[in-house]
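Chemist: When you get a sec, could you give me coordinates for this:
(one chain, ligands or ions: 2)
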Amino acid sequence: MKDIKITKIEDWGFGFKNPILVAGPCSAESAEQIDTISKQLKSSNIDMFRAGIWKPRTRPGSFEGVGEEGLEWMKIAKENLGKPVTTEVANAKHVEQALKAGIDILWIGARTTVNPFSVQEICDALEGVDIPVMVKNPINPDLQLWIGAIERLNNVGITKIAAIHRGFSNKYVTQFRNAPEWSMPLKLKELIPDISIISDPSHICGNREMLADISQKALNFGLDGIMVETHNDPDNAWSDAKQQITPETYNAMINNLVIRNSIDNAPELKTNLEELREKVDVMDRKLIDVLSERFEYIKSIGKYKRANNLAVFQKDRWKDVTESRVKMGTDRDLSEEFMRSLLSAIHEESIKQQEEMLEKDND
Ligand code: PEP
Ligand code: MN
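Modeler: Ligands and ions are numbered 1, 2, ... in the order given. Coordinates of the predicted model:
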């Protein structure tokens, strides 16, 4: 993979803290609504105010955003909070209008990240502009599309890039609107270590009940912030009513979150962790050496059975082996369930190797 250059979020010049808190309504509805919500959010000490001006709706006929007029209202939020504001852009025209209106940070939505033509159009409109862009994960769990959008931004000189984890659509009915698939943001972080990933529990959950739990999970997984849809009158919101919460509920939720120490801020923790990980690496190597040695013996037994025309599987022997090993494990605090599944995997492989040996013999 070509090197991706990221200006870390703490160097974007907004004084963001960890975790980064983004809040605001799904959609901007009126100047009054933006004024009310941003004032109500004042005590939450958020880092960034969000509101959708152009709304990508799955079916036509629902509210598709207030459009350009709403960009002016974002200035009210900026003024009330003294914090940067962000909105979604999906084409070159949105970019042009958002830049003209002084929007501080842009985001690319999930339905746009899936389409390289649209992402490229946005990037072309951003060429030579120094503005931070947050890239939501594509609707489908395709890491390459997510990375591709980040690379396209990089190609036009944008380095202030963050990612937003909003979950992934799938055909199964699950408790989530969009399944979190935590391995996806973690993999992205592994491939692009400097990128900050902000989780969007609102679009993951699609309801209010699970928001706190998923927000906490995001922090536990080491993600760098959360974006939560907040509305002064959630039940009557013009979009995503079911998942929005009032600033008051939001405040309570944020105050209850357990903020874990970021490992990057604590070099001594990092060193200890690295030492422990090295030990685990050594143990794994030993484990594999021992296993391979064990299979060598198994092969010798196989040869012996073949020479003496004995059956591969000998029930009584295996029963004794299992029971004695399970006891050895449980005596050392390993669970019986784990011991049985470990032994069964080893046994299956042993039989397979011995059978292969017999087959060779029959050839
Ligand atoms: C949104 O943030 O309101 C939105 C439309 O999100 P997504 O692109 O994740 O569906
Ligand atoms: Mn929404």
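Chemist: So stretch 128-142, near ligand 1 or not?
Modeler: Yes: taking Cβ under 6 Å from any ligand atom as the criterion, stretch 128-142 and ligand 1 are in contact, through Lys136. From N, CA and C alone the C-beta is placed, and that goes for glycine too.
Chemist: Point out the residues in this structure that sit beside ligand 2.
Modeler: Within the chain, the positions adjacent to ligand 2 are 26, 240 by Cβ under 5 Å from the ion.
Chemist: So which residues of the chain form helices?
Modeler: Read by DSSP state H, the chain holds these helices, from start to end of the chain: 31-40, 69-81, 92-100, 110-113, 116-126, 143-155, 183-191, 201-205, 211-220, 247-256, 267-307, 315-331, 336-362.
Chemist: got those as CSV, with distance to Ala163, mean pLDDT and mean neighbour count columns?
Modeler: Converted to CSV, the helices of the chain look like this (distance: least, Cβ to Cβ, whole Å; pLDDT from 0 to 100; neighbours: other Cβ atoms under 10 Å):
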stretch, distance to Ala163, mean pLDDT, mean neighbour count
helix 31-40, 25, 98, 20
helix 69-81, 22, 98, 19
helix 92-100, 19, 98, 17
helix 110-113, 10, 98, 23
helix 116-126, 13, 98, 18
helix 143-155, 7, 98, 19
helix 183-191, 6, 93, 17
helix 201-205, 14, 98, 26
helix 211-220, 12, 94, 19
helix 247-256, 21, 97, 17
helix 267-307, 22, 84, 11
helix 315-331, 41, 91, 12
helix 336-362, 35, 86, 13
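Chemist: For Trp238, which of these is the nearest?
Modeler: Between Trp238 and the helices of the chain, the tightest spacing by Cβ to Cβ is seen for helix 31-40, at 9.2 Å.
Chemist: For the helices of the chain, give me a markdown table that also has distance to Asn137.
Modeler: Output for these, formatted as a markdown table (distance: least, Cβ to Cβ, whole Å):
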| stretch | distance to Asn137 |
| --- | --- |
| helix 31-40 | 26 |
| helix 69-81 | 24 |
| helix 92-100 | 20 |
| helix 110-113 | 6 |
| helix 116-126 | 13 |
| helix 143-155 | 5 |
| helix 183-191 | 7 |
| helix 201-205 | 10 |
| helix 211-220 | 13 |
| helix 247-256 | 23 |
| helix 267-307 | 27 |
| helix 315-331 | 40 |
| helix 336-362 | 33 |
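Chemist: Can you convert these into TSV and add a column each for distance to ligand 1?
Modeler: Listed next are those as TSV, based on distance: least, Cβ to the nearest ligand atom, whole Å:
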stretch	distance to ligand 1
helix 31-40	14
helix 69-81	13
helix 92-100	13
helix 110-113	4
helix 116-126	12
helix 143-155	12
helix 183-191	13
helix 201-205	4
helix 211-220	14
helix 247-256	15
helix 267-307	32
helix 315-331	46
helix 336-362	38
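Chemist: Please report the distance of the closest residue to Phe295 other than its chain neighbours from Glu64.
Modeler: Spatial nearest neighbour of Phe295, chain neighbours left out: Gln353 (6.3 Å); criterion: Cβ to Cβ, 6 or more residues apart in numbering. Using Cβ to Cβ, to the nearest Å, we find Gln353 at a distance of 62 Å from Glu64.
Chemist: swap in Thr322?
Modeler: When distances are taken as Cβ to Cβ, Thr322 and Glu64 turn out to be 63 Å apart.
Chemist: so who does the spatially closest residue to Arg152 that is not a sequence neighbour touch?
Modeler: The spatially closest residue to Arg152, leaving aside those adjacent along the chain, is Cys123, at 4.7 Å (Cβ to Cβ, 6+ apart). By Cβ atoms under 8 Å, 6 or more residues apart in numbering, the contact list for Cys123 reads 152-153, 155-156, 158.
Chemist: Including distance to Thr58, could the residues you listed go into CSV?
Modeler: Conversion of the contacts of Cys123 to CSV gives the following (distance: Cβ to Cβ, whole Å):
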residue, distance to Thr58
Arg152, 25
Leu153, 26
Asn155, 30
Val156, 29
Ile158, 28
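Chemist: Which one of those is nearest to ligand 2?
Modeler: Proximity of the contacts of Cys123 to ligand 2, judged by Cβ to the ion, is greatest for Leu153, which lies at 22.3 Å.
Chemist: Isn't that closest one up against Asp124?
Modeler: No: under the criterion of Cβ atoms under 8 Å, Leu153 makes no contact with Asp124, lying 11.0 Å away.
Chemist: Can you check what pLDDT the model gives the residue of the stretch 151-300 of the chain found nearest ligand 1?
Modeler: Nearest residue of the stretch 151-300 of the chain to ligand 1, counting by Cβ to the nearest ligand atom: Arg166, 3.7 Å away. Taken from the predicted model, the pLDDT recorded for Arg166 is 98.
Chemist: Quick check: chain neighbours aside, which residue is closest to the residue of the stretch 1-150 of the chain found nearest ligand 2?
Modeler: Going by Cβ to the ion, ligand 2 is nearest to Cys26 of the stretch 1-150 of the chain, at 3.3 Å. Closest residue to Cys26 apart from its sequence neighbours, by Cβ to Cβ, 6+ apart: Asp240 at 4.0 Å.
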